[in-house]
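**Q** Based on what follows, work out the 3D shape:
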Amino acid sequence: MRIAAGPLDWSLVSGWIPVALLAVGLCALAVLLLSRRRTWWTRWAPLAVLLAAVLTWLLRTAVDDWWQPFPDPLPLNVVIWAGIAVLGICLAAFRIPQLRPRYWAGAALAALLAVLLGASEINQHFDQYPTARSALNSWLTKTTSITDATGRTEPALRVPAGKAVADVWHPPPGMAGNGTLSKSSIPGTRSGFDARSAYVYLPPAYRATPRPLLPVVVLMAGQPGSPDDWINSGRLVDMMNAFAGAHRGLAPVVVVVDPLGSQFANTLCLDSRLGNVQTYLATDVPDWIRTHLQVATARTSWVISGISFGGTCSIQLGVNAPQIYGVVNDISGQEAPTLGSRRKTVDKAFGGDEAAFTAVNPLDVMARQRFPDTKAAFIAGSSDSTYRPQQRTVYDAAVKAGMRAEWVLLPGGHSWQVWRPGLERQLPWISRETGLIR
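**A** Residues are numbered from 1 along each chain as shown. The predicted structure is shown next:
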């Protein structure tokens, strides 16, 4: 766990900073709103409020009804705080022409503070950037070349049957205290899918000789999203280094991949008219990992995990590619891949072919097939009224299908308040189930 040592590590979601932004932002709105002029109250202020309401409604409608980048509507409090930010801009736009030029900068500053207020409250809802460091991680985190750390011909540590890697592992003198993060493209050789670059975390033990054959976690972000989300908001490197530090340098190898292709795309994580993403994750990604990294190869040592869309994708791969992934860690996933409704999903992705969707939809697959050799964890937020019931439905189906499944309820909603610990607290479980530790 990182110690808060400077301004970059001060919390943006709790403590004095969000409280200060709330107070200053509300004061800025009051400054923009208050005036001694009667025409301001009878004409311009009502027009500013009306315009802000209309723009906010248009924003919500554009996102939820026209654009539809998300399968679920925007949360009400997110819409409200976005409206507060828009209100600040509208009040300033109507107020500045009535002020003397020397006050224009002050009005513009007040509008900016109102925008920061809205952004702060929305950030608290999603816990997207808990600190300034997390927001800047892409620039602050050092990455290495993947070729610097692979060395696929290293002698492998022998682990007798019935033993965990940790039982026979002895860290060499001078071993690094932290792992490395690399960035690399993983081409869609078989699938043709054009994915964004992936991140690869290699723990300290990976550089040892003889090298322990470590388990692999293939990790995905949500939608919209990118692999960067796990590096920034997920604080993956700190999380994995902390686990490795507590286990003599041992930790899973983590490969953060892209199942979307772009920030707002929704590929459904299937092979369909939207792209051959299932083939990418079940063939191209594993082939690349085996070619470039020296890791454990058994399906019992391979974990598929993700958040929200990525969580849904995890159970999809768990049931549609069980020969590759023997362990599933589904965090806040949905009960089915969706573009908003089953009808719309089937029409757009499969040309109206219901049977093609049923053949790969996780709930349908688990209803007709058993998975006694698959281990799965389903994690949900206790206050996530939308995804928690869906996640419970998938968990129940997994149990009926014979999976060795566990249900994990964490405090929080559909946000990084749940997603970050949804991986962090599961690392011991993942490591036990993959034979890394006892």
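**Q** Give me the secondary structure label for K183.
**A** strand (DSSP: H, G, I helix; E, B strand; the rest coil).
**Q** just H170 next, same as before
**A** Applying three-state DSSP: H170 is coil.
**Q** State the distance from it to Q263.
**A** For H170, the distance to Q263 equals 44 Å [CB to CB, to the nearest Å]. C-beta coordinates here come from the backbone N, C-alpha and C atoms, glycine included.
**Q** Compare these two and say which is more crowded by neighbours.
**A** Q263 (12 against 8; other CB atoms under 10 Å).
**Q** Please, which helix or strand holds that one?
**A** Following DSSP states H and E, there is no helix or strand that holds Q263.
**Q** Please state the backbone phi and psi of it?
**A** For Q263, the backbone dihedrals are phi -60, psi -40 (criterion: degrees, to the nearest 10).
**Q** which residues does the nearest residue to it once chain neighbours are set aside contact?
**A** Distances taken as CB to CB, 6 or more residues apart in numbering place P224 nearest to Q263, at 4.9 Å, with adjacent residues excluded. Residues near P224 by CB atoms under 8 Å, 6 or more residues apart in numbering: P69, F70, L260, Q263, F264.
**Q** so the first one touches V63, yeah?
**A** The reference is to P69. Yes - at 6.8 Å, P69 and V63 qualify as touching, with contact defined as CB atoms under 8 Å.
**Q** more neighbours, the two?
**A** Legend: neighbour count by other CB under 10 Å for P69 and V63, higher for V63 (17 against 12).
**Q** Can you report phi and psi for that one?
**A** phi -80, psi -50.
**Q** Show the backbone phi and psi for the nearest residue to it once chain neighbours are set aside.
**A** Closest residue to V63 apart from its sequence neighbours, by CB to CB, 6+ apart: L74 at 5.9 Å. For L74, the backbone dihedrals (degrees, to the nearest 10) come out as phi -60, psi 140.
**Q** now L74: how far from D353?
**A** 31 Å.
**Q** ok, then the element right after the helix or strand harbouring I17?
**A** For I17, the enclosing helix or strand under DSSP H and E is helix 16-33. Downstream of helix 16-33, the first helix or strand assigned by DSSP H and E is helix 38-39.
**Q** Now do the helix or strand following that following helix against helix 16-33, angle only.
**A** Remark: after helix 38-39, the chain's next helix or strand is helix 45-61, criterion DSSP H and E. Helix 45-61 and helix 16-33 are oriented at 130 degrees to each other (axes from the mean of the first three to the mean of the last three CA atoms, to 10 degrees).
**Q** quick one: contacts of helix 45-61?
**A** 33, 35, 73-74, 79, 82-83, 86-87, 89-91, 93-95.
**Q** how far does that helix sit from the chain's center?
**A** 31 Å (CA atoms, centre = their mean, to the nearest Å).
**Q** List the buried residues of that helix.
**A** A45, A48, L51, A52, L55, T56, R60 (16 or more other CB atoms under 10 Å).
**Q** could those be laid out in JSON lines, adding distance to D347 and pLDDT?
**A** What follows is the buried residues of helix 45-61, written out as JSON lines (distance: CB to CB, whole Å; pLDDT from 0 to 100):
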{"residue": "A45", "distance to D347": "47", "pLDDT": "94"}
{"residue": "A48", "distance to D347": "42", "pLDDT": "95"}
{"residue": "L51", "distance to D347": "37", "pLDDT": "97"}
{"residue": "A52", "distance to D347": "37", "pLDDT": "96"}
{"residue": "L55", "distance to D347": "32", "pLDDT": "96"}
{"residue": "T56", "distance to D347": "31", "pLDDT": "96"}
{"residue": "R60", "distance to D347": "25", "pLDDT": "92"}
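**Q** Just give me the closest of these to R438.
**A** Closest approach between the buried residues of helix 45-61 and R438, by CB to CB: R60, at 50.9 Å.
**Q** low-confidence ranges in the protein?
**A** 1-5, 71, 138, 147-152 (pLDDT under 70).
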